[in-house]
Structure formats: C-alpha cells, structure tokens
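1. Provide a 3D model corresponding to the input given below.
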Amino acid sequence: MTETQSALPRQDRRISRTRRQLREALMALILEKGYDAVTVEDITARADVGRTTFYLHYRDKEHLFLESITQIADELAAQMVALFPQALSEDQMGDHAMRPILLVFRHAAENADLYRAMMRGEGGLIATNRLRELTAGYALQFMELFLRGARTALPLEVVASYFAASLLGTLTWWLEAGMPYPPDEMAVMFRRLAMRGVWEALGGAPPPSALETR
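-> Down below sits the predicted model:
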C-alpha cells in the first residue's frame, strides 16, 4: 500500500468525525434554543471547528440539517433491510412486515434527543417534510417487496404516504410526551391501529401476526 493510499482512510475518518461533530452540535443547540435561533457561528463554536471547515462540508445550516436527517434515515433503513431474508413465504410476511415498526420505535428511544431536535421548532417543518418523504419512500420499497408486483386496491404511493404520516405523527407525540410507554409496547399499539387499514387498502386481510398483541 502506498503512502497516498494509507492516507485516504485517515482523511475519510477525519471527514466523518467533523461531520458528526457538526451534526451533534446542531441537534444539541436546537434543543437548547430552537432551530431559528441557531447560527453557523453557534454550531462551529459548539463543535470546535472553524467556519472555513464548516463551509467545506455544508452550504449553510439548512444543508447540514437536511443531510443529517437523510443520514439518520438511511442508517435506520439499512438496519431494516438487514432484517429481511431474500425470500418470504406468505405466512412469514405479516411478522416480517412488523419488524421495521419495532426497529423505528427502539431507534427513536435510543436517540430520543436527536429525534426531538429533528421534529421541534421552526426547523421541525423542514425535518418533518424530509422525514415524511424518506419514510414514505422506504415504506413504498418494503410494500413492493412484500407484494411482488401483485395488484392492489389502492395505489401503493397513496398507502405509503398515509403510513408514513401516521407513523411520524405517533412517534412525535410519543417523544414529546416523554415516552410514557416502552418502545416495544408503542410498536404493538401502532401496528394494531395502522396495519389493518393498510392491509385492507392493499386488497386483503392482514395476517394474524400483523395484529398480534405480543
């Protein structure tokens, strides 16, 4: 390995570390003073990096915010993909379709401050719109995986959009209420509320595992 090649991983780690510091600084500041009140100067001071370094990575505060949301959503989606085998039998679909919901609530509980920051204040509108877009996109992908091209009673993009809005609305309430129920219990309640309608909209009755209480 050449000296240049060995330097590349170190450079990548420095870039990742800097971006993580900036992201964590922004989220902490949003919780403290609200999105609108946070400035680039606040972020760089909290992250202990220079303004020049900030602008090497991001155009402005909103760019940092939106990229942070996308990265978090992509990381969560990658964890979801790892839950699924390549092929599912019909009697496995209900159980596997519920696993992403449980993962979302557990991930939110483990990163509660991060999620609250994304959904709070004036910046919350930016975050909510982006999160809804990403969540609906991933929901659509998973529905296509399960349905394997079968015809449905309603357009899949409509069902995915409904599902995303319901999930984010429930998640926001739960976080702002101080997580009064454990994440696993919230996942069960949400799937009982949402999944019957989703399955029926897709043209069939939900498998028993989609509505189970345990």
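2. tell me, how many neighbours does Leu156 end up with?
-> Here the number of neighbours of Leu156 (other Cβ atoms under 10 Å) works out to 16. Placement of C-beta: from N, CA and C, glycine included.
3. what do you get for the one 3 residues further on?
-> Residues near Val159, counting by other Cβ under 10 Å, number 21.
4. And it, how far from Val40?
-> Taking Cβ to Cβ, to the nearest Å as the measure, Val159 falls 40 Å from Val40.
5. Also Ala112?
-> Noted for Ala112: a distance of 26 Å to Val40, by Cβ to Cβ.
6. repeat for Ala73
-> Noted for Ala73: a distance of 24 Å to Val40, by Cβ to Cβ.
7. can you check His107 too?
-> 28 Å.
8. Select the helix or strand of the chain having the lowest average pLDDT value.
-> One helix or strand of the chain scores below all others by mean pLDDT, DSSP states H and E: helix 90-110, with a mean of 74.
9. Could you list the domains of this protein?
-> 1-58, 62-210 (automatic domain parsing).
10. Check the offset of the first one from the chain's centre.
-> The reference is to domain 1-58. What separates the centre of domain 1-58 from the centre of its chain is 21 Å, taken as Cα atoms, centre = their mean, to the nearest Å.
11. which stretches of this protein aren't confidently modelled?
-> Counting by pLDDT under 70, the chain contains low-confidence residues at 1-8, 83-98, 121-124, 146-150, 197, 199, 201-214.
12. What is the longest helix of this protein by residue count?
-> Looking only at the chain and at elements set by DSSP state H, the helix with the highest residue count is helix 3-33.
13. can you pull the buried residues of that one?
-> Neighbour counts over helix 3-33 (16 or more other Cβ atoms under 10 Å) mark Thr18, Arg19, Gln21, Leu22, Arg23, Glu24, Ala25, Leu26, Met27, Ala28, Leu29, Ile30 as buried.
14. Check the gap between Gly178 and Ala112 for me.
-> Plainly put, Gly178 is 9 Å away from Ala112 if you go by Cβ to Cβ.
15. so where do the strands sit in this structure?
-> Here the chain has no strands by DSSP state E.
16. Work out which residue lies at the spatial centre of it.
-> Closest residue to the average C-alpha location of the chain: Ala73 at 3.5 Å, with Cα atoms, centre = their mean.
17. Looks like that residue contacts Tyr138 (just checking).
-> Yes: Ala73 is in contact with Tyr138 according to Cβ atoms under 8 Å; the separation is 7.5 Å.
18. Compute the number of surrounding residues for Met179.
-> Neighbour count for Met179, taken as other Cβ under 10 Å: 14.
19. Run a quick neighbour tally on the residue lying closest to it once chain neighbours are set aside.
-> In space, Met179 comes closest to Ala109 once its chain neighbours are excluded; the distance is 6.2 Å by Cβ to Cβ, 6 or more residues apart in numbering. Here the number of neighbours of Ala109 (other Cβ under 10 Å) works out to 16.
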